[in-house]
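**Student:** next comes the sequence, and after it the predicted model I'd like to discuss.
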Amino acid sequence: RMVRSDPQARLLTSVPAVGPIVALTYASAIDDPGRFTSSKRVGAHFGLTPKKYQSGEIDYTGRISKIGDAAVRTALYEAAHIMLIKPVKGCSALKSWAMRIAKRAGMSKAKVALARRLAVIMHRMLVDGTPFNAAAAA
């Protein structure tokens, strides 16, 4: 009922593997999509970017920073997991992109990368007010 009454959450459910819980969690965390100057910044806002440590000759890239809302990060990761594990219609370009990462770097890193990309795509959908377009997401 809550998803049907919220236009942002209803729009987000057009993304493959994004259900009502993920849509409501993301929509409530973003609240006003205009407060982000760029959609790229949403991944960092939810802690889905790698930590970086640089000092002198040391240059260390670590795991994800885990800054921000943990519930949204978990929901996005679960949506990415479903998209990669189960056959989902309408996401072949995203899934093939993530599977190439999985082949190169491992499945868990591919899920985090796909979760970050889903966050960016969903933010752009909220800003534009357009439903999911698989061709544009690729």
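**Tutor:** Alright, I've got the coordinates. If you're wondering where the values come from, they're calculated on a predicted model, not measured in any experiment.
**Student:** show me which positions of the helix or strand that residue 98 is a member of end up buried.
**Tutor:** Residue 98 is part of helix 92-105, with elements assigned from DSSP states H and E. Buried positions in helix 92-105, judged by neighbour count with 16 or more other C-beta atoms under 10 Å: 94-95, 97-98, 101-102. Where C-beta positions appear, they are placed from N, C-alpha and C, glycine not excepted.
**Student:** can you list those residues in CSV and add distance to residue 2 and pLDDT?
**Tutor:** CSV is the format used below for the buried residues of helix 92-105 (distance: C-beta to C-beta, whole Å; pLDDT from 0 to 100):
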residue, distance to residue 2, pLDDT
94, 26, 89
95, 28, 90
97, 31, 92
98, 29, 93
101, 34, 94
102, 34, 94
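**Student:** including distance to residue 122, could those go into CSV?
**Tutor:** Compiled in CSV, the buried residues of helix 92-105 are given as follows (distance: C-beta to C-beta, whole Å):
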residue, distance to residue 122
94, 12
95, 16
97, 16
98, 16
101, 19
102, 21
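**Student:** ok, so of the residues you listed, who is nearest residue 126?
**Tutor:** residue 94 (17.8 Å; C-beta to C-beta).
**Student:** if I look at that closest one, how far off is residue 57?
**Tutor:** From residue 94 across to residue 57, the span is 38 Å (C-beta to C-beta, to the nearest Å).
**Student:** show me where pLDDT drops low in this structure?
**Tutor:** 137-138 (pLDDT under 70).
**Student:** what is the helix holding residue 98 packed up against?
**Tutor:** Applying 3 or more C-beta pairs under 8 Å, 6 or more residues apart in numbering; DSSP states H and E, one finds that helix 92-105 contacts helix 70-85, helix 107-128, helix 134-137.
**Student:** what helices or strands is the last one leaning on?
**Tutor:** Here helix 134-137 is seen to pack against helix 92-105 when contacts are counted using 3+ C-beta pairs under 8 Å, 6+ apart.
**Student:** now do the helix it packs on: everything it contacts.
**Tutor:** Around helix 92-105, the neighbours that count as contacts under C-beta atoms under 8 Å, 6 or more residues apart in numbering are 16, 80, 83-84, 88, 109-111, 113-114, 117-118, 134-135, 137-138.
**Student:** fine by me, we can end here.
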